[in-house]
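Colleague: okay, predicted coordinates and the sequence, questions at the end:
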Amino acid sequence: MLSTYGSRGDVEPLVGLAVRLRELGAEVRVCAPPDEDFAQRLAGVGVPLVPVGPSARALTKAAPPASSLPERGAALIADVFAAVPPAAEGCDVLVATGPMPAAAGALSVAEKLGIPSVSVTFQQLTLPSPHHPPLAYAGRPFPPDVTDNRVLWELDAQSIDALFGEALNTSRASAGLPPVTGVRDYVFGDRPWLATDPVLDPWQEPADLDVVQTGAWTLPDERPLPDELAAFLDAGEPPVYVGFGSMPLHTSTDAAHVVVEAVRAQGRRVLLSRGWADLALTDDHDDCFAVGEVNHQALFGRVAAVVHHGGAGTTTTATLSGTPQVVVPQSVDQPYWASRVAELGIGAAHDGPTPTLESLSAALGAALTPETRDRAKAVAGKVRTDGAMVAAKLLFDTVGQEWPPPSA
């Protein structure tokens, strides 16, 4: 059982892991939001989706206030306790990912069923470490005068307990489980997994946790590009791709105009991804083309640069393509990925979430240099592509089974 809740970036890695597990002879189920694109993606690789909670896309676009976070966390925990137990019956191991309340609920279900479990994160900033501070929850900023990372991590633990502790222990009590005294420590345990690439996202030792870094859970995507998109690519010089994935971008109309004009200012054509923000072209000139869901692996290698929000999955895919990036971070871990792109010299980090014509033009100018392109191609060759198989084999080891099983 692979359990998560969130956007495409939370679900897509589980697709890669599920495929590798099936290649080793395992039966796999994925518990994820009921969004149609998630169900179709999983159905495409022959893995059933067990729906949990409301639509992630609808929740993201609604942008609920930070003050409702405890209530949303409580609802998510309750949803997990309702959906996961019947689906996890008979499973040998449970993998829990996603936001803290979803992971805590899934791990509690595994505890109730008496099956081994593994906690996984797709970015290291949620893992306690003396080398970096925690991410602050919306509406709960850390005191500005506190700079010691260990103190900040103590405050983080207190914040998580305040937000989700009561709801988690209420659901645990209803399932006959004892209360937990520290939600974050319960979720991560002593040996969490970090499913990121060590070149793009190096984990630093020493740290308080025995982290297992598997590499990113990617999967070769063999889907062809749509004919109209392929024709646009063939009709001229490589365009600049612009897309913000699952980010709502509430100023989407202005954002589309800004990015189109900034790319044109570089003398480049524009390829605009609609995404969850439903971005749309602002005119009908033939130097622009809008796309929906497409194969990023096939696409990114054919563009001049990738302008994106800095999600872990998009950053990894763009890095693997060897194409320069401009990261316009919106929230959460995205500023971190922007900084990593800049530090590696494979692109530019935009300062802040709202691009202007001037700021995005400057970032594109830096990313489109020959030096950046050469560096992006060099780093691409160092990124691992076997992370999902590494994790799949580790899961078989966790439950003490051979891979493939003798009966497979």
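Modeller: Happy to help now that I have it.

Colleague: for Leu229, what are its contacts?
Modeller: Leu229 sits next to 271, 289, 291, 294, 299 when contact means Cβ atoms under 8 Å, 6 or more residues apart in numbering. In short, each C-beta sits where N, CA and C put it, glycine included.

Colleague: quick check, pLDDT for it.
Modeller: You'll see Leu229 listed with a pLDDT of 97.

Colleague: A helix includes Ser361, no?
Modeller: Yes: looking at Ser361 with DSSP: H, G, I helix; E, B strand; the rest coil, it is inside a helix.

Colleague: where exactly do the strands run in the stretch 201-350 of the chain?
Modeller: 212-213, 240-242, 270-273, 288-291, 305-308, 325-327, 347-349 (DSSP state E, counting those that start in this stretch).

Colleague: I'd like those strands as JSON lines, with mean neighbour count and distance to Gly400 appended.
Modeller: Below are these laid out as JSON lines (neighbours: other Cβ atoms under 10 Å; distance: least, Cβ to Cβ, whole Å):
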{"stretch": "strand 212-213", "mean neighbour count": "17", "distance to Gly400": "17"}
{"stretch": "strand 240-242", "mean neighbour count": "27", "distance to Gly400": "45"}
{"stretch": "strand 270-273", "mean neighbour count": "24", "distance to Gly400": "44"}
{"stretch": "strand 288-291", "mean neighbour count": "18", "distance to Gly400": "46"}
{"stretch": "strand 305-308", "mean neighbour count": "30", "distance to Gly400": "41"}
{"stretch": "strand 325-327", "mean neighbour count": "30", "distance to Gly400": "42"}
{"stretch": "strand 347-349", "mean neighbour count": "27", "distance to Gly400": "43"}
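
Colleague: as a markdown table, these with mean pLDDT and distance to Ala102 would be great.
Modeller: Below are the strands of the stretch 201-350 of the chain laid out as a markdown table (pLDDT from 0 to 100; distance: least, Cβ to Cβ, whole Å):
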| stretch | mean pLDDT | distance to Ala102 |
| --- | --- | --- |
| strand 212-213 | 98 | 20 |
| strand 240-242 | 97 | 30 |
| strand 270-273 | 95 | 27 |
| strand 288-291 | 95 | 30 |
| strand 305-308 | 97 | 25 |
| strand 325-327 | 97 | 26 |
| strand 347-349 | 98 | 29 |
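
Colleague: turn those into TSV, columns for distance to Arg8.
Modeller: Shown next, in TSV, are the strands of the stretch 201-350 of the chain (distance: least, Cβ to Cβ, whole Å):
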stretch	distance to Arg8
strand 212-213	22
strand 240-242	16
strand 270-273	12
strand 288-291	15
strand 305-308	12
strand 325-327	17
strand 347-349	21
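
Colleague: for this structure, which spans come out with low pLDDT?
Modeller: 66, 246-253, 403, 405-408 (pLDDT under 70).

Colleague: okay, domains of it per the record?
Modeller: Domains of the chain are assigned by automatic domain parsing as 2-219+385-398, 227-380.

Colleague: distance to Pro404 added to these, as CSV?
Modeller: As requested, the domains of the chain are exported to CSV (distance: least, Cβ to Cβ, whole Å):
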stretch, distance to Pro404
domain 2-219+385-398, 4
domain 227-380, 27
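
Colleague: quick check, Cys91 in a helix?
Modeller: No: using three-state DSSP, the assignment for Cys91 is coil, not a helix.

Colleague: how about the strands in the stretch 51-200 of the chain?
Modeller: Going by DSSP E, counting those that start in this stretch, the stretch 51-200 of the chain shows strands at 94-96, 117-121, 193-194.

Colleague: residues in contact with the second one?
Modeller: What that stands for is strand 117-121. Strand 117-121 is contacted by residues 93-97, 103, 106-107, 110-111, 127, 187-189, 192-195, 391, 395, 398 when judged by Cβ under 8 Å, 6+ apart.

Colleague: cool, the shortest one as well?
Modeller: Outside of strand 193-194, the residues within contact range by Cβ under 8 Å, 6+ apart are 118-121, 124, 127, 201, 203, 211-214, 391, 394.

Colleague: what subset of the contacts of strand 117-121 is buried?
Modeller: Listed as buried from those are 93-97, 103, 106-107, 110-111, 127, 187-188, 192-195, 391, 395; burial here means 16 or more other Cβ atoms under 10 Å.

Colleague: out of the strands of the stretch 201-350 of the chain, which comes closest to Val52?
Modeller: Evaluated over the strands of the stretch 201-350 of the chain, closeness to Val52 peaks at strand 212-213, with 25.4 Å, by Cβ to Cβ.

Colleague: how far off centre is the closest one?
Modeller: 17 Å (Cα atoms, centre = their mean, to the nearest Å).

Colleague: ok, now stretch 236-245?
Modeller: 21 Å.

Colleague: neighbouring contacts of that stretch?
Modeller: Under Cβ under 8 Å, 6+ apart, the answer for stretch 236-245 is 7-9, 232-233, 255, 259-260, 263, 266, 268-277, 279, 287, 289, 299-300, 302-309, 311, 314, 328, 330, 364.

Colleague: packing partners of the longest helix along the chain?
Modeller: Taking DSSP state H as the criterion, the chain has its longest helix at helix 69-88. For helix 69-88, the elements it packs on are strand 2-3, strand 30-32, strand 49-51, helix 100-113, helix 166-174, judged by 3 or more Cβ pairs under 8 Å, 6 or more residues apart in numbering; DSSP states H and E.
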